[in-house]
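Visitor: Give me a model of this one.
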Amino acid sequence: MMDEKSRNEFLEKYLANQHTEQEHELFMEWLNAAPLKEVQPMIEKYQAATQKRQEPEPGQYADLSRRIEESIDGLHNEVQQSGRVIKLWTSVKKIASVAAVVILCAFALIYFLTSPNQEKPLVVKTKPVNHKVLPGGNKAMLTLADGSSILLGSAPNGVLAKQANIDIRKATAGNIIYDASNTLKPGAPVLYNTITTPRGGQYQVTLSDGTKVWLNAASSLKFPAVFSANERVVELTGEAYFEVAKLAGPSIAGHSGGRIPFRVITARQTVEVLGTHFNINAYADESTINTTLLEGSVKVIQAETNNSQLLKPGQQAKLRDNIRVLNVDASEAIAWKNGYFNFSHENIGSIMRQVSRWYDVNIQYEGEVTQEGFVGTISKFKDVAQVLDMLQLTGSVHFKTENDPGVAGKKRIIIMP
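Guide: Sure thing, here's the model as predicted:
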């Protein structure tokens, strides 16, 4: 078994790619058996050392990365129905010995994602992508009740329009506000507005009741400019995160009014709340509609059967043929809103649908592509080539980016085994 001196020497050789196969095997034996309190200092030493290194030649550590990953798979023993789960990168916050091993062994990925300095990170690169594809941003179209439209991305800050006698104001890039006012007067017509994000766009809107909504790419929200006195109803396609304002109805005969429900209607379900935080993923090209609760309570009602389920914080309703409730890490469902892709045992098809919507690229498959599950987190604001490099590092999937011959001005990503 390696002592501390030998481990430090191995680390220096490893960083310089001068270690032997025997030294590597001895190190892995120690790593598999060592307690967290011994592994953690090695992680810290490695992270400090990598900040001083320059990027190696492409592919220099490819075989070693593959062998390390196989060792991780043996330790972690994460077997899903679809096959082996591939760890792309992980977080130091998971304080467990296995996670520590993953952090140390997946060094190139962790450093690539977290290094703030100007030194080039140690990262295994495969064949470089020739066509730069930039991430999406704050882009949306607001369609008013009279049919007129406003491009929000290019609109100046300030009052954009007036609907139902209230101002629609662009506060900052990526955020518009329907300035709060009284509820709709009896007999007044309901004026519906729609905010739509394109592929490669996202936007936030604060509704007239104070409810905040974040729209993901390729999504739309239809809503009244001013809500009526006894209900609040919006219609969603795609994905959105809601922070619903608690709102009480008018007082009657000296008694305070009850809470006004807020309903979100999608193609196959209705979500009913009083005041809470939740995320709905209802893209037409996904096999399920996922409703995830972060705070408060929600009622999910299936449109076809009228069956319903009540959710508690940390639960997710998955609607396919029926509603299934799971306990989940709710923060993963809103990673997109916080600027990240979060893959939790997702196959390449699910991942590439997210990539396609955010980067506005077309996807094509060639050959029999792996159905293994991928686990990891990466910033949405990196060039798509950097996201693809992370996936390619596993050796289970490869990519080629090129001009799409079928659509002028568009790029496409070809996925290969």
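Visitor: what does the one helix or strand Thr194 maps to contact?
Guide: Assessed by DSSP states H and E, Thr194 sits inside strand 192-197. Counting by C-beta atoms under 8 Å, 6 or more residues apart in numbering, strand 192-197 makes contact with 139-145, 152, 163, 168, 176, 203, 205, 215-225, 238, all of which sit outside it. C-beta coordinates here come from the backbone N, C-alpha and C atoms, glycine included.
Visitor: May I have the helix or strand that that strand is followed by as PDB, with CA atoms only?
Guide: Proceeding N to C from strand 192-197, the next assigned helix or strand is strand 201-206, under DSSP H and E. Below are the C-alpha coordinates for strand 201-206, written out as PDB (Å, rounded to 0.1, in the frame of the first residue of the first chain):
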ATOM      1  CA  GLY A 201     -34.200  31.900 -25.800                       C
ATOM      2  CA  GLN A 202     -35.400  32.400 -22.300                       C
ATOM      3  CA  TYR A 203     -37.300  35.100 -20.500                       C
ATOM      4  CA  GLN A 204     -38.800  36.200 -17.200                       C
ATOM      5  CA  VAL A 205     -42.200  37.900 -16.700                       C
ATOM      6  CA  THR A 206     -43.900  39.300 -13.600                       C
END
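Visitor: still on that earlier bit, give the buried subset of the contacts of strand 192-197 as a ChimeraX selection command.
Guide: Burial among these is assessed by 16 or more other C-beta atoms under 10 Å; the matching ChimeraX selection reads:
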select :139,140,141,142,143,144,145,152,163,168,176,203,205,215,216,217,218,219,220,221,222,223,224,225,238
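Visitor: Domain-wise, how is the chain divided?
Guide: 4-114, 137-333, 340-416 (automatic domain parsing).
Visitor: By mean pLDDT, show me the worst of those.
Guide: Across the domains of the chain, domain 4-114 has the smallest mean pLDDT, namely a mean of 53.
Visitor: Now do the helices in the stretch 301-417 of the chain.
Guide: 330-333, 348-359, 384-392 (DSSP state H, counting those that start in this stretch).
Visitor: Turn these into a markdown table, including distance to Gln302.
Guide: Compiled in a markdown table, these are given as follows (distance: least, C-beta to C-beta, whole Å):
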| stretch | distance to Gln302 |
| --- | --- |
| helix 330-333 | 19 |
| helix 348-359 | 23 |
| helix 384-392 | 35 |
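Visitor: and these as TSV, adding mean neighbour count and distance to Phe242?
Guide: Below are these laid out as TSV (neighbours: other C-beta atoms under 10 Å; distance: least, C-beta to C-beta, whole Å):
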stretch	mean neighbour count	distance to Phe242
helix 330-333	18	12
helix 348-359	20	19
helix 384-392	21	27
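Visitor: quick one, which of those helices is nearest to Leu310?
Guide: helix 330-333 (15.4 Å; C-beta to C-beta).
Visitor: How far off centre is the closest one?
Guide: 9 Å (C-alpha atoms, centre = their mean, to the nearest Å).
Visitor: which secondary structure elements does that helix contact?
Guide: Judged by 3 or more C-beta pairs under 8 Å, 6 or more residues apart in numbering; DSSP states H and E, helix 330-333 is in contact with strand 277-282, strand 289-295, strand 315-319.
Visitor: mind giving me JSON lines with these and columns for distance to Val369?
Guide: Putting the helices and strands packed on helix 330-333 into JSON lines (distance: least, C-beta to C-beta, whole Å) gives the following:
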{"stretch": "strand 277-282", "distance to Val369": "23"}
{"stretch": "strand 289-295", "distance to Val369": "23"}
{"stretch": "strand 315-319", "distance to Val369": "24"}
